[in-house]
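In: What shape does this take:
(2 chains)
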Amino acid sequence: MADSKKKKNAPAGTVKKVMNFISGYKLPLLLSLLTAAVGVVLNILIPLFFGNAIDLIIGKGNVDFGGIKAILIKTAVAVIICAVSTWVMSTLNNRITYGVVKDIRTRAFDRITVLPLSYLDSHPTGDTVNRVINDVDTFADGLLMGFTQFFTGILTIIGTLIMLIRLNLFVALAVVCLTPLSLFVARFIAKHSYDYFKAQSEQKAAAAATADESFSNIKTVKAFGREKILSEKYDRESEKVRRTSLKAIFFSSITNPSTRFVNSIVYAAVALTGALNILSGGTMTVGLLSSALSYANRYTKPFNEISSVFAELQNALACAARVIDLIEEPAEAPDKKDALAEFEPLGNMDIDGVYFSYTPDTPLIEDFNLHVRKGERVAIVGPTGCGKTTFINLLMRFYDVNSGTISIDGINEHDLTRHALRSSFGMVLQETWLKTGTVRENIAMGKPDATDAEIEDAARRAHAHSFIKRLPNGYDTVIGEDGGNLSQGQKQLMCIARVMLMSPPILILDEATSSIDTRTEIKVQKAFAELLQNRTSFVVAHRLSTIVNSDVILVMNKGRIIEQGTHRELLEKNGFYARLWNAANTTAQ
Amino acid sequence: MKTILPYIKKYRAQSLLAPLFKMLEALLELFVPLVVKDIIDIGIGNSDKAYTLKMCGLLGALALVGLVFSITAQYFAAYAATGITKGLKSALFSHVMSLGYTEADTLGTSALITRITGDADKVQNGINLALRLLLRSPFVVFGAVIMAFTVDTSKGTSALIFAGAVPILALAVFGIMLGSMPLYTRVQRSLDRVTGNVRQHLTGVRVLRAFGREESEKASFGDASDELNRLQRIAGRVSSLMNPITYVLINGATVLLIYTGALKVDGGLLTQGAVVALYNYMAQILVELIKLADLIINISKALASAKRIGDVFSAENSQQYPAESAVPDFSAPAIEMKNVTFSYKNAGAPSLADISFSLPAGKKLGITGSTGSGKSTFVNLIPRFYDCTNGEVRIFGHNAREYSREALDSLVAVVPQKAVLFKGTIRENLLWGNENASERDIADAVSAAQCTDIIAAKKGGLDEQIEQNGANLSGGQRQRLTIARALVKKSPIILLDDSASALDFATDARLNGALSELPWHPTVITVSLRTGSIKNADEIIVLEDGAAVEKGTHDGLIAKGGVYAEINAASGGESIG
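Out: Numbering: from 1, shown residues only, chains lettered A, B, ... in the order given. Prediction:
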């Protein structure tokens, strides 16, 4: 066990931390153990009662009805108590399991809301979702089911053993010596089928990848007439899957017949030793033999359960370790205690001596200085992937600068709460993101207490009102995950309306509208123009008119800010910007 | 069921042998209580030690033979299940490949992938379990009841308790299982909502933080989580009734059995050993009934999956190709459309309406218009990805429908809007256009499609591995490689469906130049949202709401000051970056 724990990469601390999760459920847990014990004891006694009853049925005219009645009534009571305690136990276990799952998920989600963007950007969404959903489930199931099974299994084994010894030592010996056989067989098979299952899942993944690729791109496949070649490829891959699956399934399906066989042998041995004992005038009786046989029948079951519990517990601990990693991931530095929470800036921004890089060995932004007065416009220009996101990350404090200061109206960004800082900015990015919910909820995202009139007014100014009105339920239309059925342009208009409603002093806009049709694009342009009035703005610019009329142009390339100045200054400099400008102008003629 | 039947044929023997051996094993198991009865009544009753030894040996022999039967059955079941499923999967794959665009659109990619992975797995599991248990479990249950009748043949037999207990037990087991199923469906839906909450928070984290929504998101996650917890507990409460209720029923029946057994023994109608045998049969029933209920749920899932797979099989490609292909007349116009109208299946309004034009071989046509104006549809009609609803599409003097699939393929090369490359080397991907292309052909295509620098930058050159969906290439690189792939085909007609949108204007201009200098002078249709990409075309068609609203050259259309001029102005003439 210690050895395998190491293998599964669950540090010793995990167990202690896991205990913490359960500590709120001490009483239900104690009750669960108690009811489990009651259930196990009665469950063991009942076959003995039946054996005793059978012993009173000896032959024609030789039946002790009084005794039988007494025993059967006793049995019926025991059966009912046993059933009730089993039910109480599983209800309690459900309560604990589902409760622990909920607690852990809540903690994981709370943690996600405070994790630094650097963590979230570097961990795939699917992986984090998997930790919060599947790992938590596996952990709770494995832990509690495993724990209960382990506990009842051990109790059953000990109890049954005591009963067998009391019935007859030889019978007990026969059972004790033969039972481990089934464990060995099960272990042996599991170990050998594991390799087949592993190979099977790899081959299955390969075949699934072919299907995925071919089905997702069936239009391309057909355009090049590749159907037959791909079908043959898939056929070869699924033939491989078949061969391995056959071995995997067959080997693992030997387990049941084999343990059943061992069980039958134990059964025969009990019958033999028991019967011989009766014949040689020992302490056994026919009724007790029948009890012993039913013990023999169920004795291997807890062994098999316990051996599977170990695997489950290991898996549960591995999952727990992943969840704990997430929960214990350091949160972003909290806001300063005396940070300003209420803040309505004019929109002057000063960036002084800022250095920033995602990883220490690739410096990106070095000694960056920029001073913007209220209402001025900063254009950010550069090829795709030039690093404009980095710039936005710093302004919004999604990432913190390595050194230097960014101030708004002379107040260092770090002296504001993040909430206060971020609510000074309105952000409209090219990648529009809407949450699942109604149109109204989405527009009111930055101002949840906005009135219907305010929301409608914002939508009108964003040129979104007319299409929203035409949606099936107007402002109450529910939008699916990530915008669902809205067009790209409509989503962008809603994002603009969202910012309109907040009316922030500073704006961050991405002008790119490549995927929007012309008509909507004109509306978006008008909405942008409206939004920009009298506000300090940072515009990821794609249009010459925007660029030429900006107060400052930042030219970015490969993550760095390489040039900075007005249009005229940059042309005189005759650098990267000048080259871009000249190239664009020659082709535009 | 109908879906799977044809594939079972090939494994008919295994599919019969598996349940047969399982039944033989079950039969042996049913003998065990009889042997024990004889040990008690004859061996112990007559103090016959040799007989007792012999009978215990028989128990061991029964176990061994049972093991052999059972393992044989498992092998046949696994063999048949994996074989049948493999046949089904391969056939399904080929069938999907044979579908037309219309059918593929209707069925949906993710659904198709689920059919061939998850659903096929469920079918395999269902077949395997059915072969193993579908006959065995009822056989043991009914066998035990029948055995009880043979053990106690007296009037008012105690075996009637069995006849009464089995249906009640079955009712309890199936009732609880079926009753909890809809509850678990609700649990699953609620879990999906919780998952959606987490996913949404991760994908939208920047926006949510920008708007300071962390607290309200926590609250909505909390609500979803509470709801899930509540539903889980309800479902758990119902399904945890199973064990206690069946336990009470089976032990209650045993109590009754022992009491009536006692009465019969007292009357000399039954022996003590017979009572023990009846007691043992009762125990066998419960185990098998629970297995059977489990099995039925699995089989019903497998049948539901099989039905979904069957639905895919019943979708047929609606397009027909002639056996005898027309021979292209290269002196005729390369592409002609005569009053072409097209509506997507189940769509209200047509996506293209009454389009007519004629494009001489070797000329260039530009198509522009807003999103949803019908540009892609226009392109898709030429290689017959879709068939026009009305009118006629003619290629080199013949209706497109008069060409065989292969002939049409060789005439038209398409660069789809979505730049898709497949897992494999760059070379393998380029060879899609023509398996027999020479190194020279590839090099020419690469250079014309402006890919030289991409390949030079890769360590492996043309043999560099492309990951699934071309994940290790940028959007622009993928677009250029898909253009190269089409050029390798050297088709007389090339269709570019907005396939240079990620290229910067300079590369786009070089590409356009290279396309006009291709040695085999293909006819080229270019679709673009940017006027810059098509301004040198011999003719430009402007689409709006499926109609050709303007036709002419770049200069002519600018001078006209209509929609084209508006599009040209809206894109700011040109853009930086």
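In: Let me see the ranges of the helices in the stretch 251-400 of chain B.
Out: For the stretch 251-400 of chain B, applying DSSP state H, counting those that start in this stretch gives helices covering B:272-314, B:375-381.
In: Correction: the previous question concerned the stretch 451-589 of chain A.
Out: A:452-461, A:465-470, A:488-502, A:518-532, A:544-548, A:567-573, A:576-588.
In: ok now the fifth one, how far from the chain's centre?
Out: If I follow you right, that is helix A:544-548. Centroid displacement of helix A:544-548 relative to its chain, using C-alpha atoms, centre = their mean, to the nearest Å, is 45 Å.
In: can you pull the buried residues of that helix?
Out: Going by neighbour count (16 or more other C-beta atoms under 10 Å in any protein chain shown), the buried part of helix A:544-548 is A:544, A:546-547. Quick note: C-beta positions are derived from backbone N, CA and C, even for glycine.
In: and chain B, which of the residues you listed reach it?
Out: Taking C-beta under 8 Å from any C-beta of the partner chain as the test, chain B is in contact with A:544, A:547 out of those.
In: sorry, back to before: out of the helices of the stretch 451-589 of chain A, which one sits most buried?
Out: helix A:488-502 (a mean of 25; mean count of other C-beta atoms under 10 Å in any protein chain shown).
In: picking up where we left off before, ok, which of the helices of the stretch 451-589 of chain A comes nearest A:Ile327?
Out: helix A:488-502 (31.7 Å; C-beta to C-beta).
In: orientation of the closest one relative to helix A:452-461 in degrees?
Out: 130 degrees (axes from the mean of the first three to the mean of the last three C-alpha atoms, to 10 degrees).
In: Which secondary structure elements does helix A:488-502 sit against?
Out: Other helices and strands packing on helix A:488-502, by 3 or more C-beta pairs under 8 Å, 6 or more residues apart in numbering or on different chains; DSSP states H and E, are strand A:425-428, helix A:439-443, helix A:452-461, helix A:465-470, helix A:518-532.
In: ok, back up a step: could you dump the helices of the stretch 451-589 of chain A to CSV with mean pLDDT?
Out: As requested, these are exported to CSV (pLDDT from 0 to 100):
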stretch, mean pLDDT
helix A:452-461, 92
helix A:465-470, 83
helix A:488-502, 85
helix A:518-532, 75
helix A:544-548, 76
helix A:567-573, 90
helix A:576-588, 69
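In: what's the angle from the helix or strand containing B:Leu30 to helix B:272-314?
Out: Assigned by DSSP states H and E, B:Leu30 belongs to helix B:12-38. The directions of helix B:12-38 and helix B:272-314 differ by 160 degrees, with the same axes, to 10 degrees as the criterion.
In: Now helix B:12-38: buried residues?
Out: B:14-15, B:17-30, B:32-38.
In: what's the answer for stretch B:445-461, then?
Out: Counting neighbours by 16+ other C-beta under 10 Å, one finds that the buried residues in stretch B:445-461 are B:445-446, B:448-451, B:454-455, B:458.
In: filter those residues by proximity to chain A?
Out: Within the buried residues of stretch B:445-461, nothing lies near chain A by C-beta under 8 Å from any C-beta.
In: Determine which two of these are furthest apart.
Out: Using C-beta to C-beta for every pair in those, the one that comes out farthest apart is B:Ala448 and B:Lys458, at 18.6 Å.
In: Helices of the stretch 201-350 of chain A, start to end?
Out: Here the stretch 201-350 of chain A has its helices, by DSSP H, counting those that start in this stretch, at A:218-223, A:227-253, A:255-279, A:286-328.
In: what pLDDT, on average, does the longest helix anywhere in chain B get?
Out: Longest helix in chain B, counting residues (DSSP state H): helix B:49-98. Per-region confidence: helix B:49-98 scores 93 on mean pLDDT.
In: same deal with stretch A:549-560?
Out: For stretch A:549-560, mean pLDDT is 84.
In: Could you pull out the buried residues of that stretch?
Out: Buried residues in stretch A:549-560 (16+ other C-beta under 10 Å): A:550, A:552-557, A:559-560.
In: Could you check how far that stretch is from the centre of its chain?
Out: Per C-alpha atoms, centre = their mean, the centroid offset for stretch A:549-560 relative to its chain is 39 Å.
In: ditto for stretch A:155-165
Out: 42 Å.
In: Now tell me what touches it from outside.
Out: Here stretch A:155-165 makes contact (C-beta atoms under 8 Å, 6 or more residues apart in numbering or on different chains) with A:36-37, A:40-41, A:43-44, A:48, A:171-172, A:175-176, A:291-292, A:295, A:298-299, A:302-303, A:306.
In: can you tell me how far the closest residue to A:Ser245 other than its chain neighbours sits from A:Asn557?
Out: Among residues not flanking A:Ser245 along the chain, B:Thr82 sits closest, at 4.5 Å (C-beta to C-beta, 6 or more residues apart in numbering or on different chains). To A:Asn557, B:Thr82 is 56 Å away according to C-beta to C-beta, to the nearest Å.
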